[in-house]
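**Q** here's my sequence, what's the structure:
(one chain, ligands or ions: 1)
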Amino acid sequence: MTEIRKVAVVAGNRIPFARQDKTYRHASNSDMLTAALNGLVDRTGLGGQEVGEVVAGAVLKHARDWNMVREVVLGSKLAATTPAYDIQQACGTGLEAAILVGNKIALGQIDAGIAGGVDTASDAPIAVSNELRNVLLDLNRAKSLQERLKVLTHLRPKDIVPEIPRNAEPRTGKSMGDHAALTALEWGITREAQDELAYNSHINLAKSYDRGFQDSLITPYLGLEKDQNLRADTTLEKLAKLKTVYGKGETATMTAGNSTPLTDGASTVLLSTDEWAADHGLRPLAYLTHSQTAAVDYVKGAEGLLMAPAYAVPRMLQRAGLTLQDFDYYEIHEAFASQVLSTLKAWEDPIFCKERLGLDAPLGEVDRAKLNVNGSSLAAGHPFAATGGRIVAALAKQLDENGGGRGLISICAAGGQGVVAILEK
Ligand SMILES: CC(=O)CC(=O)SCCNC(=O)CCNC(=O)[C@H](O)C(C)(C)COP(=O)(O)OP(=O)(O)OC[C@H]1O[C@@H](n2cnc3c(N)ncnc32)[C@H](O)[C@@H]1OP(=O)(O)O
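**A** Numbering: from 1, shown residues only. Okay, the predicted model is just below:
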């Protein structure tokens with residue numbers, strides 16, 4: 001039986017996140033992930049070397065990118081003999097990739113691996129209709145000009161209209177924002193509270209740049225040195241003036257300022273055993289010690305789409321023998337300010353904790369001074385699959401800088417899923 005080994009987070013590297021259709025307008029997922037990966041290789045001196053595996057993914061991917069991560073590795077500074085593959089768990093992809101790599105390290109299957117994620121909202125895949133697809137496939141099968149012409153007679157003008165991807169849940173047709181607005185209403189989350197969370201995200205991210213915290217986490221790309229969405233000059237007054245974009249009438253509270261913007265970007269994280277790190281002249285920043293996933297039935301309306309982390313965290317805490325207050329840092333992905341606040345309120349609510357989580361007492365409050373201390377997705381932006389890597393690397397560095405401690409990561413994902421984890425130093 002293999003002994004379970006400690007999983008160290010050794011380094012992280014990402015490119016600055018860009019607003020949709022701005023600096024990375026012409027960069028593909030592969031371009032961006034390669035840039036993030038090469039930055040990590042340079043930062044850790046791994047040029048020409050092999051690591052156990054590279055595991056990464058993208059939420060929005062072109063059909064031609066069926067083997068994207070392996071292709072990225074082949075075009076990177078890593079040895080071409082490094083195995084690599086794609087995974088996808090919506091916005092949980094980057095964290096799930098780190099968990100997968102970590103589990104293989106823990107089980108002794110690999111000694112080191114790189115997890116990552118990338119997404120472009122600027123270069124989204126455009127699909128063709130099933131009818132056009134069938135005609136194109138039949139054309140390819142046709143053996144003569146006559147057969148080809150016959151196939152073409154089946155094509156109707158409406159069949160050639162392309163299918164542009166929508167930021168919507170396939171089973172409800174509602175956007176993530178519309179779903180979050182319903183949850184915000186259910187939990188009575190105010191506009192002021194959402195704007196305050198958004199404001200803190202920008203201020204905290206700006207401060208982290210000012211104190212050089214991001215220097216060892218980011219490699220400039222295409223001339224961009226900082227996250228393009230960061231608005232260091234934002235104020236509560238400016239946020240309060242923005243018009244609502246989700247929800248209805250008087251009850252609408254969600255704006256472009258307290259929702260994540262559509263974003264392009266990529267991130268990577270290096271994980272390994274202590275021994276591997278030492279052999280490569282590197283040192284652990286923190287350890288990945290626990291993880292958990294959960295899913296909720298949002299389709300029948302039993303729970304809000306983005307509320308799965310509210311279920312995953314207590315399950316993980318129970319297995320880890322910890323309480324919600326046993327953390328020095330909380331990294332709760334800010335898909336929308338209202339979704340973070342709904343989750344926090346649920347954990348404080350005795351009825352939710354008893355009836356939905358089956359707990360005797362509420363999980364209680366999270367100390368807001370420990371929440372997203374270096375900013376999160378509202379300020380940095382949210383290139384879906386890249387968010388997990390951004391958070392893991394930043395939290396590991398924060399724990400290292402702190403000289404120890406424990407951090408909670410919570411990420412909500414499309415499809416009513418949640419991926420959560422604990423880092424410790
Ligand atoms: C996917 C998963 O698995 C799980 C998840 O994470 S769910 C989350 C998924 N992400 C999303 O759904 C993304 C949602 N976001 C969007 O679709 C769009 O960003 C949005 C509809 C919310 C806004 O789009 P938009 O209107 O084009 O935004 P944008 O033009 O940037 O901003 C509108 C205005 O607000 C202003 N603004 C935005 N943030 C501001 C701030 N912090 N301070 C001051 N002003 C701000 C902008 O300057 C702009 O003002 P002007 O009109 O005067 O130029």
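
**Q** ok, the residue nearest to H62 when sequence neighbours are not counted - contacts?
**A** With sequence-adjacent residues excluded and distances taken as C-beta to C-beta, 6 or more residues apart in numbering, H62 is closest to P125, at 4.6 Å. Every residue, glycine included, has its C-beta placed from N, CA and C. With contact taken as C-beta atoms under 8 Å, 6 or more residues apart in numbering, P125 is in contact with 60-63, 165.

**Q** can you pull out the strands in the chain?
**A** 8-14, 18-19, 53-56, 84-86, 112-119, 244-246, 254-255, 263-272, 286-295, 329-332, 406-413, 417-424 (DSSP state E).

**Q** including mean neighbour count, could those go into a markdown table?
**A** Formatted as a markdown table, the strands of the chain follow (neighbours: other C-beta atoms under 10 Å):
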| stretch | mean neighbour count |
| --- | --- |
| strand 8-14 | 28 |
| strand 18-19 | 22 |
| strand 53-56 | 27 |
| strand 84-86 | 20 |
| strand 112-119 | 32 |
| strand 244-246 | 19 |
| strand 254-255 | 22 |
| strand 263-272 | 32 |
| strand 286-295 | 20 |
| strand 329-332 | 24 |
| strand 406-413 | 26 |
| strand 417-424 | 26 |
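
**Q** among those, which is nearest W187?
**A** strand 254-255 (12.8 Å; C-beta to C-beta).

**Q** mean confidence score for the closest one?
**A** The pLDDT scores in strand 254-255 average 98.

**Q** can you list the strands that it pairs with?
**A** Neighbouring strands of strand 254-255 in its sheet, by DSSP bridges, are strand 244-246 (antiparallel).

**Q** hmm, back to that, which of the contacts of P125 sits closest to the ligand?
**A** L60 (9.7 Å; C-beta to the nearest ligand atom).

**Q** spell out which residues of this structure are next to the ligand.
**A** 90-91, 167, 176-177, 198, 202, 231, 234, 238-239, 242, 245, 256-257, 259-262, 335, 382, 384, 412-414 (C-beta under 6 Å from any ligand atom).

**Q** that older thread, just the buried subset of the contacts of P125, please.
**A** For the contacts of P125, a burial check counting by 16 or more other C-beta atoms under 10 Å picks out 60-62.

**Q** what are the buried residues along stretch 229-248?
**A** Neighbour counts over stretch 229-248 (16+ other C-beta under 10 Å) mark 229-231, 234, 239, 242, 244-247 as buried.

**Q** export it to PDB, keeping only CA atoms.
**A** What follows is stretch 229-248, C-alpha atoms only, in PDB (Å, rounded to 0.1, in the frame of the first residue of the first chain):
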ATOM      1  CA  ASN A 229     -10.300  45.100 -15.300                       C
ATOM      2  CA  LEU A 230      -8.700  46.500 -12.100                       C
ATOM      3  CA  ARG A 231     -10.200  49.900 -11.300                       C
ATOM      4  CA  ALA A 232      -8.000  51.300  -8.500                       C
ATOM      5  CA  ASP A 233     -10.000  54.600  -8.700                       C
ATOM      6  CA  THR A 234     -13.400  53.000  -8.200                       C
ATOM      7  CA  THR A 235     -15.600  54.400  -5.400                       C
ATOM      8  CA  LEU A 236     -18.700  53.300  -3.700                       C
ATOM      9  CA  GLU A 237     -20.400  56.400  -5.200                       C
ATOM     10  CA  LYS A 238     -19.400  55.400  -8.800                       C
ATOM     11  CA  LEU A 239     -20.600  51.800  -8.100                       C
ATOM     12  CA  ALA A 240     -23.900  53.000  -6.700                       C
ATOM     13  CA  LYS A 241     -24.600  54.900 -10.000                       C
ATOM     14  CA  LEU A 242     -24.300  51.900 -12.300                       C
ATOM     15  CA  LYS A 243     -27.500  50.600 -13.800                       C
ATOM     16  CA  THR A 244     -28.700  47.100 -13.000                       C
ATOM     17  CA  VAL A 245     -28.100  44.300 -15.500                       C
ATOM     18  CA  TYR A 246     -29.800  41.300 -14.000                       C
ATOM     19  CA  GLY A 247     -33.000  40.800 -12.100                       C
ATOM     20  CA  LYS A 248     -36.300  42.800 -12.500                       C
END
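
**Q** what lies in contact with that stretch?
**A** By C-beta under 8 Å, 6+ apart, the list of residues contacting stretch 229-248 reads 17, 19, 175, 177-178, 180-182, 184-185, 191-192, 195-196, 198-199, 202-203, 205-206, 209, 252-259, 261, 263, 375, 379-381.

**Q** any idea how far the residue nearest to H62 is from the ligand?
**A** Taking C-beta to the nearest ligand atom, to the nearest Å as the measure, P125 falls 15 Å from the ligand.

**Q** before we move on, what about W66?
**A** 21 Å.

**Q** so who does that residue touch?
**A** Applying C-beta under 8 Å, 6+ apart, the residues near W66 are D86.

**Q** same question, D297
**A** So D297 contacts 303, 416 (C-beta under 8 Å, 6+ apart).

**Q** what does the model give it for pLDDT?
**A** If you check D297, the pLDDT there is 96.

**Q** re earlier: could I get the contacts of P125 as TSV with pLDDT?
**A** What follows is these, written out as TSV (pLDDT from 0 to 100):
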residue	pLDDT
L60	93
K61	93
H62	93
A63	90
P165	75
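
**Q** nearest to W276, of those residues?
**A** Using C-beta to C-beta, the contacts of P125 come closest to W276 at K61, 30.5 Å.

**Q** that closest one touches L33, doesn't it?
**A** No - taking C-beta atoms under 8 Å as the definition, K61 is not a contact partner of L33, at 11.0 Å.

**Q** what sits in contact with each of the two?
**A** M68.

**Q** okay, now A320: neighbour count?
**A** Residues near A320, counting by other C-beta atoms under 10 Å, number 16.

**Q** wait, it touches A421, no?
**A** No - taking contacts as C-beta under 8 Å, A320 lies outside contact range of A421: 10.5 Å.

**Q** which residues are common contacts for those two?
**A** In contact with both A320 and A421: H290, using C-beta under 8 Å, 6+ apart.

**Q** what's the residue of the chain most remote from its centre in contact with, if anything?
**A** Distance from the centre of the chain peaks at Q146, with 50.5 Å (C-alpha atoms, centre = their mean). Neighbour list for Q146: empty [criterion: C-beta under 8 Å, 6+ apart].
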